[in-house]
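Chemist: Quick check, what structure comes out for this input:
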Amino acid sequence: MSEENKKPSENLNEKNDSFKETINDASEKANEFVKKAEEKVSEFLESESVKNVKDKASEFAEEAKETFENVSGKASEIAGEASEKIVDFAEEAKEKITEILESEQAQKVKEKASEFAEDAKQAFEDVSEKASEIVGEASEHIADFAEEAEEEIKEATKKTKSFFQRLFGK
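Modeler: Numbering: from 1, shown residues only. Now for the predicted structure:
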């Protein structure tokens with residue numbers, strides 16, 4: 001009987017671990033995007049002519065936009081997968097609870113099932129809230145970074161243009 005009671009919580013732990021792994025993957029993708037963006041900014045700042053600076057700025061802006069769209073899409077996909085996994089877990093838990101309720105010790109099992117259902121509901125709410133927060137934060141950080149990068153590009157373009165104008169006396 002105690003082995004049957006452990007299976008739903010073990011299953012919950014497995015689902016929770018799977019969700020954490022998915023969130024970690026999203027975080028790694030966001031970190032990769034930031035590193036890539038930093039590399040592009042460095043490349044841009046090392047450019048030697050105004051034309052190259054403008055070309056690099058356009059290229060970087062397009063790549064940043066594409067990467068942002070990819071990261072946003074992946075974050076939505078991860079949130080969807082997490083929701084699917086939680087729904088699957090809830091269905092499995094419901095089946096297990098039904099089996100337990102049909103056993104000889106129905107009263108004790110009903111009490112445990114109620115506790116488990118409440119715990120699962122709370123875990124679902126917590127996981128959903130955390131996933132929403134992470135997706136929101138990632139979107140905010142990426143958007144802020146893109147804006148900052150654009151401002152830096154404009155400033156570098158102005159400085160480069162000014163340098164060449166002073167250099168050539170125009």
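
Chemist: In this protein, mark out all the strands, start to finish.
Modeler: Counting by DSSP state E, the chain has no strands to list.

Chemist: helices and strands of it: which one bottoms out on pLDDT?
Modeler: The helix or strand of the chain with the poorest confidence is helix 2-45; it has a mean of 72 (mean pLDDT, DSSP states H and E).

Chemist: Return stretch 136-156 as CSV; C-alpha atoms alone will do.
Modeler: Only the C-alpha atoms of stretch 136-156 are listed here, as CSV (Å, rounded to 0.1, in the frame of the first residue of the first chain):
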residue,chain,number,x,y,z
GLY,A,136,8.3,37.6,-19.0
GLU,A,137,11.7,38.4,-17.6
ALA,A,138,13.5,36.8,-20.6
SER,A,139,11.4,38.9,-23.0
GLU,A,140,12.0,42.1,-21.0
HIS,A,141,15.8,41.5,-20.9
ILE,A,142,16.0,40.6,-24.5
ALA,A,143,14.0,43.7,-25.5
ASP,A,144,16.1,45.9,-23.2
PHE,A,145,19.3,44.5,-24.6
ALA,A,146,18.2,45.0,-28.2
GLU,A,147,17.3,48.6,-27.4
GLU,A,148,20.6,49.2,-25.7
ALA,A,149,22.5,47.6,-28.5
GLU,A,150,20.7,49.8,-31.0
GLU,A,151,21.6,52.9,-29.0
GLU,A,152,25.2,51.8,-28.8
ILE,A,153,25.3,51.2,-32.5
LYS,A,154,23.9,54.7,-33.2
GLU,A,155,26.5,56.2,-30.9
ALA,A,156,29.4,54.3,-32.4
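
Chemist: avg pLDDT for it?
Modeler: What stretch 136-156 shows for mean pLDDT is 84.

Chemist: now that stretch, how far from the centre of its chain.
Modeler: Mean-position distance between stretch 136-156 and its chain equals 17 Å (C-alpha atoms, centre = their mean, to the nearest Å).
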